[in-house]
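Student: okay, sequence plus prediction incoming.
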Amino acid sequence: MNNFEFKNPTKIIFGKDTIEKLTTEIPDNAKVLLLYGSGSIKKNGIYEQVKKALKSVVVIEFGGIPANPEYAVLMEALKIIKEQNITFLLAVGGGSVIDGTKFLSSAALYKGDTPWDILTSNTPTTKGMPFGTVLTLPATGSEMNSGAVITRKDTQEKLAMGGPGLFPIFSILDPQVIQSIPERQLVNGITDAFMHVLEQYMTYPAGAYLQDRFAEGILQTLIEIAPKVIDDPSNYIAASNFMWCCTMALNGLIQKGVPTDWAVHAIGHELTALYGIDHARTLAIIAPSHYKYNFEAKKQKLSQYAERIWNINEGSTDDKANAAIEKTEEFFNKLGINTKLSQYTGDYEGTAQKISGRFTERGWLGLGEHKTLTPSDVEKIVAMAY
Ligand code: NZQ
Ligand code: ZN
C-alpha cells in the first residue's frame, strides 16, 4: 500500500425527508444564492422543500445551469454573486449544478482577470466561497469531493478544476429524489459510478487489500441494485444503496494508497466537448478499448475483477481478463448504453487524431497509472472505440 493522507470535511446528511435540515445548516446571517439547473426541481417538489427550509434567510435564485455546466452561463451567475454581495452558495441539482457551483465558489474569490484561467492554469483552489448542496441525481460523487468539470461551448473544451477549498460544507442526500429521474439519467448514474470505481481499481496490484474490497463492494452493489432502481425508482432500499454507492465511489476513500488511472475520463471529456455525448456514455465507449489496449499492464487486476465480480473462475489469467472486459461491456449494453462511438455520431472519422492533437497541445504526454500513455496511444484507443 502506498503512503497517503486523507481528509474529507464534507458533512453528509443522508436519508428520507432530510431536505428540511437545510434550515440548521445554513448560517443565519447568510445571503444565499440558490443555484439550479433547467427546472426539474420545479416539477418534482424539491424546489418547494428547499424554499420552505430557507424561509428565515435571504435567498436570491439563479436557474438555468445546463447539463455539462457552461462557462458563459456561470459568468452571469458570478455577476450576481458580486453585485448582490452573496455570502453562501447552495447547489440544488446533479453533478452539473454542483460543479458549476464549485467553479463559482472559486471564481468569487479569484483575484485574476479571467476566471477561465482557473481551469487552464491547473492551480488548486485552496479557498472558495462556502457552499452546500442538495443532491438530486446520484452519479458523479461531486457532492462529497472537491473536483469540478466545466464546459466552454465556443472553444469546444471541457476542463477539470479543484482543490482542498472546494469541498461542500454539507450535502443533503435524500434518496427519494430519484423517483423523478428519467431512465436515461439513472443508467448514466450507475455507469458513471461504476467507471469511477474502475478508474481507481483497474490498474495493478498494490497490496491494498482493503481498498480492493471497498471497490469491489461498490461494484457488486451497483450490479445488484441496477435492475431494481430502473424497474422501480420508488424502491427505497435500492435507491438509498444506489445513492450511497455513487458518493462512496468518488469521495476519495477508495483511491487512497493505490495507483489510479483516469485516462478513460480524460478521453471521455473530449467526446462530450466535441459531440455533447452524456458523460457516462463517453466512459462506456472508451473503457473497453482502453482495457484491451493496455491489457498487459492491467491483466492481473482484470483477472481479479473477473473472479470476484463476475464469478469467472475458469481458464488462464488472460482468459479471465478478456472475459471480464466482455462482461463489463455487456453490463453497459444491458443498461441500454451503447459502447461504440459510431452509435452516437456519424461524424466520427478523424476524432482519434483530433483528441490526440489536443492532448499534445496541452502537454498531456503521459496518462494512466504508469503515466506512459502518449497522445499516439490515445489516438489508437479512440480509433478502437469507433
Ligand atoms: O437541469 P436539471 O433540471 O437539474 O435536470 C437534470 C439534467 O437534465 C436532470 N435531473 C437531475 N436530477 C433530477 C433530474 N431530472 C429529474 N429528477 C431529478 N431528481 O438530469 C439531467 C442531467 O443532470 P447532470 O447534473 O448533468 O448529470 P450528472 O449528475 O451526471 O452530472 C454530469 C456532469 O458532472 C461531471 C460530468 O463531466 C458532467 O459535466 N462530472 C463531475 C465529477 C465530479 N465533480 O467529481 C466527476 C464525474 O466524472 C464527471 O466528470
Ligand atoms: Zn465520471
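Tutor: Thanks, I have the structure now. Numbers count the residues shown, from 1 in each chain. Ligands and ions are numbered 1, 2, ... in the order given.
Student: what does stretch 314-331 contact?
Tutor: Here stretch 314-331 makes contact (CB atoms under 8 Å, 6 or more residues apart in numbering) with 194, 198, 223, 284, 287-288, 291-292, 295, 298-300, 302-303, 305-307, 309-310, 312-313, 339. Placement of C-beta: from N, CA and C, glycine included.
Student: would you mark the buried spots in that stretch?
Tutor: By 16 or more other CB atoms under 10 Å, the buried positions in stretch 314-331 come out as Lys320, Ala321, Asn322, Ala323, Ala324, Ile325, Lys327, Thr328, Glu329, Phe331.
Student: show me what secondary structure element comes after the helix or strand hosting the third one.
Tutor: Per DSSP states H and E, Asn322 falls inside helix 317-334. Remark: after helix 317-334, the chain's next helix or strand is helix 351-362, criterion DSSP H and E.
Student: in that next one, what's buried?
Tutor: Thr351, Ala352, Ile355, Ser356, Arg358, Phe359.
Student: right, and the fifth one touches Leu271 too?
Tutor: So the one you mean is Arg358. No: contact criterion CB atoms under 8 Å: Arg358 and Leu271 do not qualify, at 11.6 Å.
Student: for burial, what's the neighbour tally of Lys79?
Tutor: Lys79 has 11 neighbours, counted by other CB atoms under 10 Å.
Student: enumerate the residues of the chain near ligand 1.
Tutor: 37-40, 44, 67-68, 93-97, 99, 136-137, 139-142, 145, 147-149, 177, 180-181, 185, 188, 192, 250, 265, 279 (CB under 6 Å from any ligand atom).
Student: what's the PyMOL line that selects buried ones from the residues you listed?
Tutor: Buried residues among those (16+ other CB under 10 Å), as a PyMOL selection:
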select buried, resi 37+40+44+67+68+93+94+95+96+97+99+136+137+139+140+141+142+145+147+148+149+177+180+181+185+188+192+250+265+279
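Student: mind listing which of the residues of the chain next to ligand 1 are in strands?
Tutor: Judged by DSSP state E, strands contain the following of the residues of the chain next to ligand 1: Gly93, Gly147, Ala148, Val149.
Student: so where do the helices sit in the stretch 151-300 of the chain?
Tutor: Per DSSP state H, counting those that start in this stretch, the stretch 151-300 of the chain carries helices over the ranges 183-199, 209-231, 236-249, 263-275, 279-293, 295-310.
Student: show me the residue at the heart of this protein, geometrically.
Tutor: For the chain, Thr140 is the residue whose C-alpha lies nearest the centre (CA atoms, centre = their mean; 2.9 Å).
Student: for that one, give its distance to His196.
Tutor: Distance from Thr140 to His196, counting by CB to CB, to the nearest Å: 8 Å.
Student: next, show the common contact partners of these two.
Tutor: Common contacts of Thr140 and His196 (CB under 8 Å, 6+ apart): Leu250.
Student: got phi/psi on Thr133?
Tutor: The phi/psi pair for Thr133 (degrees, to the nearest 10) reads phi -140, psi 150.
Student: surely it and Gly95 touch.
Tutor: No: the criterion here is CB under 8 Å, and Thr133 misses it with Gly95 at 10.2 Å.
Student: between these two, which contacts overlap?
Tutor: With CB under 8 Å, 6+ apart as the test, Thr133 and Gly95 both reach Ser142.
Student: pLDDT weak spots in this structure?
Tutor: For the chain, no stretch has pLDDT under 70.
Student: tell me the domain ranges of it?
Tutor: 11-176, 182-384 (automatic domain parsing).
Student: what about the last one, start to end distance?
Tutor: By that I understand domain 182-384. 31 Å (CA to CA, to the nearest Å).
Student: now do it: distance to the chain's middle.
Tutor: 12 Å (CA atoms, centre = their mean, to the nearest Å).
Student: and for the shortest one?
Tutor: Distance of domain 11-176 from the chain centroid (CA atoms, centre = their mean) equals 14 Å.
Student: distance between the ends of it?
Tutor: 19 Å.
Student: going forward, count from 15.
Tutor: All right, first residue 15 from here; so that's domain 25-190.
Student: contacting residues around Gly382?
Tutor: Gly382 sits in contact with Asp275, Trp276, Ala277, Asn308, Ala311, where contact means CB under 8 Å, 6+ apart.
Student: can you do 10 Å?
Tutor: 217, 273-278, 280, 304, 308, 311-312, 388, 391-392 (CB atoms under 10 Å, 6 or more residues apart in numbering).
Student: can you tell me how far it sits from ligand 1?
Tutor: As judged by CB to the nearest ligand atom, to the nearest Å, Gly382 and ligand 1 stand 16 Å apart.
Student: what angle separates the helix holding Asn336 from helix 223-245?
Tutor: Between helix 331-348 and helix 223-245, the angle comes out at 30 degrees (axes from the mean of the first three to the mean of the last three CA atoms, to 10 degrees).
Student: check whether Val148 sits in a helix, strand or coil.
Tutor: strand (DSSP: H, G, I helix; E, B strand; the rest coil).
Student: what about it, how many neighbours?
Tutor: The local packing of Val148 (other CB under 10 Å) involves 30 other residues.
Student: and it, how far from Asp292?
Tutor: In terms of CB to CB, Val148 sits 22 Å off from Asp292.
Student: same question for His283.
Tutor: Going from His283 to Asp292 by CB to CB gives 12 Å.
Student: joint contacts of those two?
Tutor: Counting by CB under 10 Å, 6+ apart, the shared contacts of His283 and Asp292 are Asn82.
Student: list phi and psi for Phe18.
Tutor: The phi/psi pair for Phe18 (degrees, to the nearest 10) is phi -160, psi 160.
Student: that one contacts Pro273, doesn't it?
Tutor: No: the pair formed by Phe18 and Pro273 falls short of the contact definition of CB atoms under 10 Å, at 11.5 Å.
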